[in-house]
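Chemist: Okay, sequence plus prediction incoming.
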Amino acid sequence: RPTHHTRLNMARCVLLVFAACVALGAADEPRMNKPCRSAPYNTMAFCNSSVGIDERAADAVARLSLKEKISALGTKTPNLPSLGLNSYNWWSEATHGISHVEYNSALPGASNVAMPITTGAAFNRSLWFATGNQIGREARAFMNNGLAYSTYWAPVINLVREPRWGRNIETPGEDPFLTGQYAINFVKGMEEAREDPYHIQASACCKHFVANELESWNGSTRHDFNAVVSPQDLQDSYLPPFQDCVEKGHVSGMMCSYNRVNGVPSCANDWLLNTVLRETWQFDGYVTSDCDADADVFRSHHYTATPEEAVKDVLRAGTDVDCGGFVQQNAQSALDKKVINEDDIDTVLKRLFRVRIRLGHFDDTALDTIGADQVCTPAAKELGRDGARQGTVLLKNDNNLLPLDASKVTKVAVIGPNANLSKAIALYYGGTPCDNKYYNLVDAVQEYVANTEVQAGLPSVTSSDQHMFPAAIAAAKSADVVILALGQDGTIEHEAHDRTAIGFEEGQAALIKAITEAAAKPVIAVVLTGGAVDVTPLLENDKVGAILEAGQPSVAVLGVGDLIFGQAVPAARMLQTTYPADFVNQVSMFDMGMRPGKSDWPPFTNPGRTHRFYTGKPVLPFGFGLSYTSFKYTVVSAPTTLSLASVASASHEQLSQDATGYYVNVTNTGSMDADDVVLGFLTPPDAGQDGTPLQTLFGFERVFVPKGATVQVYIGAQSNAFTQVNRDGDRLVWPGEYKVHFGVKETAAHGMGYAEHVFTATL
């Protein structure tokens, strides 16, 4: 069976997607049915919408035989004759479009948008909501047409805590506040539908809970890794995005991760799933294991002596769905040996049926009207393209090389191993795109300049074979515009595989040198990557005139062409720190610490991670990003003093409310209408000392500013921005002198807005 565990590389992932997840043609029977539309089920309490949801769920569970109950504990639930239900699979995906669905002539494809590592860089809540909403509508349309289920395991909201982590492509960045905001808006968009405020459009699932940022490194894998995380890092870095997802996003699904957290497997972690998730955060949904994670409790972590004890631990900890079949296979034995009782099973199943009731599986709802006409609409295609436009970061633009005027370009040469990159990214947690079109960077350029030559230059992103260099050099010499297509393609960073290096591969470095020497004019570099790449060879090369970092835009890469040729102006910001290539020699991936200091793993040091704690000099800081125009910031309203007395007595809910706010005038001093992303950072008292962050991101807004105009932006600072977490994991009020700055200082010399303000916070 296809599981996360079996997908050891991109090629196998693609095969699984084709073979097991997106089989063409209609199913023999609809994937979903509504038993309450017919007798005898329509007279049963679980079908009565006037009855409370808990009573309905309890009635459904009570009608099941023990055999049916056990069969319903896994991802693949077979037919449940007692309830008239067809089989159900809890596992579908939606990281950048729905997958694990079927297609037919009416629905031959679905929207495929840029990966979160791209759209996160847009710093645009409305984009994230709209993206989630389109994915949710298409999920419901496929379900209504009998081609899909309605529980989707997205978004990934683990932090980019390490540039080597293989799954950075799936995440919206390194910052807990940013990631939490992404989670809130994507989840709300996916689950909420304007037609029906009472039911869930499609169930989202925030994953992987928690500290899951390692795949396979130095002999350990995610299946056996013990993430040793300090209470301080857990409370102020790893947990907050999930807390936002639950408390503010109201997500209906969560996935517990493969790894252990401080010795306890996540899916058997009573403190994590019951105390934190359900009791403290009041989570009202279901928890699924990652695929085979329940089995790992016994087989890989050796946490229990028997399979039956593992079943007990995951059920009582609060894992409701077992992806992989381990619980289904061992539950009867656990019952027979009296390790568990039937109430343990009933508790889990009641939570599952509550979710299915909220999804409208037993009711006729307005969501039933969402049809095939909602899929791959012109607006949906434009939304995907706009995600790439909004999420591509301009890193360099010497002498205003960009944007290009297409009418003045005779020939373009797109050179590099990522020139044709598309399908591998599109099918990574994605399905067949609209119109079955796998657009790539060459297509994006050819929309503007038909005379475009493509040369790979290298057989692959990892190859050092230079036999293709002569053709690439000839293309560079014959073109008046050269675009280098560089970065990663999913073969060395993906699920189950971490990177070992974060610089350009040897072959790509040689290609950069050869092409820039051959080209008559400065070239443009487009970097496609999940984890950040040390782009020093591009930044320091005078023959590289412009650099765009596009993340992994998938088939939405057409939006990158719009930026190159001036149909849009870049405004995205780096959502991860770009470390120097030597960073990989400075800290072990096994070290989960965010803060700098000594380490228990060779080389026994940790320079700190992310913009909040990294003590080295980054190649590019978090938040870096340029524009084709220029901006000026003026702080027009800000406190000179701030009393934190109310913060000291604030409830948990009040801590997420604004303690103060800032009004900033954003003036477009350049010659082009453009968006601007205003980032608000706080430098707290004692920054960088004893675990206090160097800075924190407390707010951001993306705003459109016409040339010559001024737009006023409000950025609120929540009460918890004026607190810090101590080594015991307790959150404390933090008085003293604060510096607030808007923008990134390193970009000011390039014409970007920047302003500072100092104030004192007192108790």
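Modeler: Ah, there it is.
Chemist: who's in contact with Gln654?
Modeler: Taking CB atoms under 8 Å, 6 or more residues apart in numbering, we find Gln654 in contact with Ser646, Ser719. Backbone N, C-alpha and C define where each C-beta goes, glycine included.
Chemist: Check which element follows the one helix or strand Gly559 maps to along the chain.
Modeler: For Gly559, the element it lies in under DSSP states H and E is helix 558-564. Using DSSP H and E, the helix or strand that follows helix 558-564 in sequence is strand 597-598.
Chemist: Tell me the spacing between the nearest residue to Ser49 once chain neighbours are set aside and Thr369.
Modeler: Distances taken as CB to CB, 6 or more residues apart in numbering put Asp363 closest to Ser49, at 5.1 Å, once the chain neighbours are dropped. Per CB to CB, to the nearest Å, Asp363 is found 13 Å from Thr369.
Chemist: circling back to that earlier point, my read is that the residue nearest to Ser49 contacts Ser50, right?
Modeler: No - with contacts counted by CB atoms under 8 Å, Asp363 stays clear of Ser50, the gap being 10.7 Å.
Chemist: about what we covered before: and the residue nearest to Ser49, backbone torsions?
Modeler: phi -130, psi 150 (degrees, to the nearest 10).
Chemist: likewise Gly545?
Modeler: Gly545 adopts backbone torsions of phi -90, psi -30, taken as degrees, to the nearest 10.
Chemist: Quick one: residues contacting it.
Modeler: Shown in contact with Gly545 (CB under 8 Å, 6+ apart): Lys396, Asn397, Asp398, Asn399, Leu401, Lys521, Pro522, Val523, Ile524.
Chemist: State the distance from it to Val482.
Modeler: Gly545 is 10 Å from Val482, by CB to CB.
Chemist: just Trp128 next, same as before
Modeler: As judged by CB to CB, Trp128 and Val482 stand 34 Å apart.
Chemist: Pick out whichever of the two has more residues nearby.
Modeler: Val482 (30 against 27; other CB atoms under 10 Å).
Chemist: In which helix or strand does that one reside?
Modeler: strand 481-487.
Chemist: Looks to me like Phe435 is in a helix.
Modeler: Actually, residue 435 is Asp. It isn't Phe. Yes - if the criterion is DSSP: H, G, I helix; E, B strand; the rest coil, then Asp435 is within a helix.
Chemist: Contacts only, for it.
Modeler: Per CB under 8 Å, 6+ apart, neighbours of Asp435: Gly109, Cys376.
Chemist: picking that back up, of Asp363 and Ser50, which one has the most company?
Modeler: Ranked by neighbour count (other CB under 10 Å), Asp363 and Ser50 place Asp363 first, with 20 against 5.
Chemist: Tell me the pLDDT of the more buried one.
Modeler: On pLDDT, Asp363 comes in at 97.
Chemist: repeat for Glu540
Modeler: pLDDT at Glu540 comes out at 98.
Chemist: what about it, how many neighbours?
Modeler: Glu540, neighbours per other CB under 10 Å, totals 8.
Chemist: One more: Asp405?
Modeler: 9.
Chemist: Kindly provide the distance from it to Tyr238.
Modeler: 47 Å.
Chemist: before we move on, what about Phe700?
Modeler: 21 Å.
Chemist: quick one, what contacts Lys396?
Modeler: Lys396 neighbours (CB under 8 Å, 6+ apart): Leu538, Leu539, Val544, Gly545, Ala546, Ile547, Leu626.
Chemist: Perfect, I'm done here.
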